[in-house]
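Chemist: When you get a sec, could you give me coordinates for this:
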Amino acid sequence: MKIYIATYQVPFSPVVEQVAEFEASAAGDAAALAFINTARDAWWQHVRGTEAISQGEAEPFEPHEHLAYAMLQTQCWGGENHFNAMCDAADLAGINERFYAARYGERKNWPGYMRVAMGDDCTAEITEVHAYYGPRH
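Modeler: Coordinates of the predicted model:
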């Protein structure tokens, strides 16, 4: 899986500054998250995020806890500076597959919204819920 680090400062366009490749596994996800948090911390220090905090313009830096989004974004100075860590859709599908499998086990135990998003046929569950909660004539 590839992780792309891009930053930008208004009025300029985002620029990809780093590209790193990691194994598509739970260990690779952990290594990618550590990479993102290290790069993000360096960016935060570079844009003087701590000074922005003292002026009440930004939240304190807190590391991301898991990869479950296509883009992890941080802003500083009222949105003037951005840090983005991104992956492509295929890598995100794998990340989500590993994340939910670790959390919920078998796919049938995953939250319904995620099963639908991953393309599972949830017709039987939807019919059952509709029959129970639907209008009663």
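
Chemist: Give me the residues contacting stretch 6-14.
Modeler: For stretch 6-14, the surrounding residues in contact (CB atoms under 8 Å, 6 or more residues apart in numbering) are Val15, Val16, Glu17, Trp43, Val47, Gly79, Glu80, Asn81, His82, Phe83, Asn84, Met86. Bear in mind the C-beta positions are built from the backbone N, C-alpha and C, glycine included.

Chemist: Restricted to strands, list these.
Modeler: Secondary structure defined by DSSP state E assigns Val15, Val16, Glu17, Asn81, His82, Phe83, Asn84, Met86 of the contacts of stretch 6-14 to strands.

Chemist: picking up where we left off before, with pLDDT, neighbour count and distance to Ala93 added, can I get the contacts of stretch 6-14 in TSV?
Modeler: What follows is the contacts of stretch 6-14, written out as TSV (pLDDT from 0 to 100; neighbours: other CB atoms under 10 Å; distance: CB to CB, whole Å):
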residue	pLDDT	neighbour count	distance to Ala93
Val15	88	10	26
Val16	92	11	21
Glu17	92	13	25
Trp43	88	21	27
Val47	81	20	32
Gly79	73	10	30
Glu80	80	14	33
Asn81	83	21	30
His82	84	18	25
Phe83	84	25	24
Asn84	87	19	19
Met86	89	19	14
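
Chemist: Going by distance to Asp121, which of those residues wins?
Modeler: Checking the contacts of stretch 6-14 against Asp121 with CB to CB, the nearest one is Met86 at 30.1 Å.

Chemist: Make sure that closest one is actually in contact with Tyr4.
Modeler: Yes. Assessed by CB atoms under 8 Å, Met86 is found in contact with Tyr4 at 4.7 Å.
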